[in-house]
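[1] Here is my input, please return the structure:
(chains A and B, ligands or ions: 4)
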Amino acid sequence: MANNIGMEVKIAPSRFRNPLSKYIIRRSPRCTKCGKCVEVCKFGVHQRSGVAFCRAQEHRCIGESCNACIEQCPEKALSLAVNPLTAVLGDYRWTSDLILSTWYQAETGKLPPVGLEYKVGNSGGGFDKLRFKFPKEKFNLKPEEISTCIPLNRKGDNAHQIEIGIPIYGGGMSFGSVSLSTMLGKAKTAKFWNTFTCTGEGGYPEVLNPYDNHVITQVATGLFGVREQTIQRVRIVEFKYAQGAKPGLGGHLLGDKNTPAVAAMREAVPGTSLFSPFPFHSVYSVEDHKKHVDWIKAINPAVLVSVKVSTPTDVDMVAIGSYYADAHIIHLDGSYGGTGAAPDIAKKNIAMPIEYAIPKVHRFLVAEGVRDKVTLMASGGIRTAHDVAKAIALGADGVIIGTAELVALECVRCANCESGRGCVRGIATTDPELSVMFDAEWAAQRISNLLTSWRNQLVEILQHLGMKSITELVGKTDCLYHIDYEEK
Amino acid sequence: MPEKYHIEVKPTSPRWTPVGKISAIEKDGCFGCARCAKKSCVYDIYRNRKFDSKQMCDTIDYLCKMCFRCVQECKGRILSRAVNPEFLQLGDQYWKPNIIATIWYQAETGKIPVSGAGYRGPFSGPGFDSMWTDMSEIVRPTRDGIHGREYISTSIDLGRKLVRLEFAKDNSLISMPPPILDIPMPIIFNPFPWGKINKNVRLALTNAGFSLGIPMIIESEEYFDELRPYDSIIMPQFTPKSFETHKNILKRVRLCEFIYEDSIMNYVSKAKEINPQVIVSIRVKLNKEAEVVAQQLTQEGAEIIHLYADYQGKEYEEASPRFIKDAIRKVHLRLVEMQMRDEVTIIASGGIGLAEHLAKIIICGADGAGIDLPLLIALECRLCKRCTNNLSCPVEMENIDTKWATQRMINLIGAWHSQLIEVMGAMGIREARRLRGEVGRAMFFEDVEKETFGQLFGGRQKDGK
Ligand code: SF4
Ligand code: SF4
Ligand code: SF4
Ligand code: SF4
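    Ligands and ions are numbered 1, 2, ... in the order given. Just a heads-up that it's a prediction; the model follows:
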């Protein structure tokens, strides 16, 4: 089945009239409209409409490494420069290159031609300092022979035996924090890729019914929208004990975002701010957690249980405790991700980056002899296909993404999601006007295109490593090196 | 439950348009569209736009929320954004533009900075950025149990504590407990490293300190009579010389500070002769000797030791100076080892610029921190240091209104207070007193890196700073 998953790639162009580009091209009045530029550009940057020129499609330009039109214009009428906008787009983790290259992949399903970094950001640590070390040897592995599937139930009990087509599923974003189109787009993608998406804490909108087999329902501290039916409908239930971006703090939906539709779903009063308390006031120990699990299993005996925790110093103890309390999936959420609103002081400060938590937990589970009985999923700062592969090489079975999906939907990471009417780009909002800026089809196509490109990159990495399955990569830290370290 | 500490924050607009992070670019070629992209800015940035002719800046640079919709929707493609070089020039290596902008925001709103879309900064960094605080988890519920945030206390004690109490045969107490002052935030106001403090600013500082219950250090020569009503929070600072001329202030205050030199304890005794209830702090330069000095002073009965680093948090007189958090940790551990840490109060100052720094320096072993520059920045200081050369101040510090300035400082401390509660709540710590030295609630970059990547990848070439 390995390769006929996913949605067929179709071009899903930007919703906006002017795509943002890394380079800008200026055409001076010296231009005689001879058409040389149209002829030499391999990327379709210059196009004619009749005698006149269309505006340069600058976002397709690959910059100085090509320079063909600039050099070959007989009148020297063209000039190229890095767009000053790139200096204000993005941040250390999501550089403007990463945003633009993610957009490119979401639009075309392909890697951008040269000119854009698509593997690492500029955070100065963790994934951004790790690289793959490929053996010189060439392995004759065809892409078709390589599997990216991973099983989610490694316990071997009577619960669902689930295998997902890619080692990736979508993270919890509640209805209320994101728009219905975003949620639905994620669910459609999940179905095509035979993987999952998560409701987040905020209820399970009816429109998701056709996707029940690909939805994880979340039980979090506010118990917003949690009902017996929502637990019976799905194959995986996730307990959210904490989230990496604000461990020790509960969720918070600002009053403005609590529209009548959201409030109905959450059985709350519209316009009021909704707080999810922290922590679960019924869980103070692994034993208490076990009771929660038993409660879920009584309602839905075949369900897989995922436990989402953040990453404190003793995250390894947390993981093993969750395992013994019957979790199938341990979901580690590192500190540097998250899509929801959180105090800056919390986002920056109160947990361990996922790059440390993964090897720590992996090692501990191996030492306890239970590593092959549990699925370890990582999230919190997975931005690229290379991050996925690195997380797996560090010891995770797979990853969960959130921000990357939003970026695929043209999020610019302006961080205004929490304020006022929510995201003005229509992603993280339930505002009646803003939330209809795109439909679920477009969203699904964009996210799916991104996953196509990611899967191709994963396959390529496995080809280089001579591995037939992504499961062989788990914990293979010797495939990695750190650019700040001497070779061991 | 004691009366709740409440800080009354009020939105207080800046007097000057703050330096914006970006510059708006607008090229020629506007089509004059009926549905102009500018009109559809959800934040109405263009509609509310003003040109500040005095500062020669466009308010859009400050107000624009960078959603890029207008850039992407303008039919003429004439709108764009670029960095504002002026913003990048704010402050210095340590006091980065973002710290300054954060302080401005807090002084204006009194609110905790909140944002969406995850963390945007570097993986780790020098100084306080190489340390993470840690929170509670399911298998390890909070250390103090779960409390509503209204039960979290940020107060600390200033002064010396007895190791044990001694009783006479008839059970009456022989030991004389030394004076102790309970302050509601683990903060004292430290003198500004620079900046001309005129009377209005001084009065604002005093007012803010008074209404917040935060002590304010003031050089004894600068004390003036209008400050009298606020004596309860005033902490005059003496050198042996100024002591002789100004020692009369001592009769009225609860706290004072001496600048350390050899046999300074003699002066402490002299101060106690004038006012036995006064609690004396000794201001010690943070350098290589600080540990020894701190130990000695503690043995000799010091009540408060105030260790000060330079304004960027670096220790003095060293070629490769340690950062304040590391130096304070050493002092703290030394006193713990000598089993006398609990007898003395330690205040650390220098480089405390964000609420997280306050939490972190306490975790590293200080009881509280002295803050200075953030208060000046709350008054819109841009750290240009022109005043140090007697040049004009771009934000006219000299024309500041006392009431406005007081509220700006109260807002800043209000925002810090909420943030401190936020992190303490997340860490499961109920009292700032118990946060002190609680490195179990912290992770240090060097340690975690070594423990995980070190094991995997061998020796580290660069120190990652
Ligand atoms: S508000 Fe900004 S950061 Fe948030 S989802 Fe929208 S574009 Fe992304
Ligand atoms: S959309 Fe652009 S071109 Fe049209 S009127 Fe507005 S600024 Fe001018
Ligand atoms: S970038 Fe967004 S916030 Fe800024 S002016 Fe344009 S539309 Fe308004
Ligand atoms: S803005 Fe400049 S001149 Fe004014 S107080 Fe601050 S450093 Fe001094």
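
[2] Can you name the element that comes right after the lowest-mean-pLDDT helix or strand in chain A?
    Among the helices and strands of chain A, strand A:274-275 carries the lowest confidence by mean pLDDT, DSSP states H and E, at a mean of 56. Counting by DSSP states H and E, the next helix or strand C-terminal to strand A:274-275 is helix A:286-299.

[3] Could you confirm whether the very next helix or strand once past that next one reaches chain B?
    Tracing the chain C-terminally past helix A:286-299 and defining elements by DSSP H and E, one meets strand A:304-309 next. Yes. Judged by Cβ under 8 Å from any Cβ of the partner chain, strand A:304-309 and chain B are in contact via A:V309. (Each C-beta comes from the backbone N, C-alpha and C, glycine too.)

[4] just checking, what packs against strand A:304-309?
    Strand A:304-309 is packed against strand A:236-240, helix A:286-299, helix A:315-324, strand A:329-333, with contacts defined by 3 or more Cβ pairs under 8 Å, 6 or more residues apart in numbering or on different chains; DSSP states H and E.

[5] Report the buried residues of it.
    The neighbour-count criterion (16 or more other Cβ atoms under 10 Å in any protein chain shown) identifies A:304-309 as the buried residues of strand A:304-309.

[6] low pLDDT regions in the stretch 301-450 of chain A?
    Under the criterion pLDDT under 70, the flagged ranges of the stretch 301-450 of chain A are A:338-340.

[7] likewise the stretch 351-465 of chain B?
    Residue ranges of the stretch 351-465 of chain B with pLDDT under 70: B:461-465.

[8] Residues of it that sit close to ligand 4?
    Where proximity means Cβ under 6 Å from any ligand atom, the interface of the stretch 351-465 of chain B facing ligand 4 comprises B:381-387, B:393-395, B:397.

[9] from those residues, which is closest to B:I218?
    Closest to B:I218 out of these is B:M397 (17.4 Å), distances taken as Cβ to Cβ.

[10] Would you confirm that the closest one contacts B:A378?
    No. With contacts counted by Cβ atoms under 8 Å, B:M397 stays clear of B:A378, the gap being 11.8 Å.

[11] got a list of what the residue of the stretch 351-488 of chain A found nearest ligand 3 touches?
    Closest residue of the stretch 351-488 of chain A to ligand 3, Cβ to the nearest ligand atom: A:V424 (6.6 Å). By Cβ atoms under 8 Å, 6 or more residues apart in numbering or on different chains, the residues touching A:V424 are A:416, A:434, B:42-43, B:65, B:67, B:69.

[12] 10 Å instead, please
    Listed by Cβ atoms under 10 Å, 6 or more residues apart in numbering or on different chains, the contact partners of A:V424 are A:412, A:414, A:416-417, A:431, A:433-434, A:437, B:40-43, B:65, B:67-69.

[13] just B:V293 next, same as before
    Taking Cβ under 10 Å, 6+ apart, we find B:V293 in contact with B:260, B:264, B:282, B:284-287, B:302, B:305, B:307, B:331.

[14] got it, and A:V361?
    A:V361 makes contacts with A:309, A:311, A:315-320, A:330, A:332, A:371, A:374, A:376, A:378, A:394-396, as judged by Cβ under 10 Å, 6+ apart.

[15] Is it possible to mark the buried ones in these?
    Taking 16+ other Cβ under 10 Å as the criterion, what is buried in the contacts of A:V361 is A:309, A:311, A:315-320, A:330, A:332, A:371, A:374, A:376, A:378, A:394-396.

[16] list the helices and strands the longest strand along chain B packs on?
    Across chain B, the strand with the greatest residue count (assigned by DSSP state E) is strand B:279-285. Counting contacts by 3 or more Cβ pairs under 10 Å, 6 or more residues apart in numbering or on different chains; DSSP states H and E, strand B:279-285 packs against strand B:156-159, strand B:234-238, strand B:255-259, helix B:265-274, helix B:290-299, strand B:304-308, strand B:345-349.

[17] ok, 7 Å please
    Using 3 or more Cβ pairs under 7 Å, 6 or more residues apart in numbering or on different chains; DSSP states H and E as the contact test, the elements touching strand B:279-285 are strand B:255-259, helix B:290-299, strand B:304-308.

[18] Give me whichever of the ones you listed is most buried.
    Compared across the helices and strands packed on strand B:279-285, strand B:304-308 shows the largest average neighbour count, a mean of 26 (mean count of other Cβ atoms under 10 Å in any protein chain shown).
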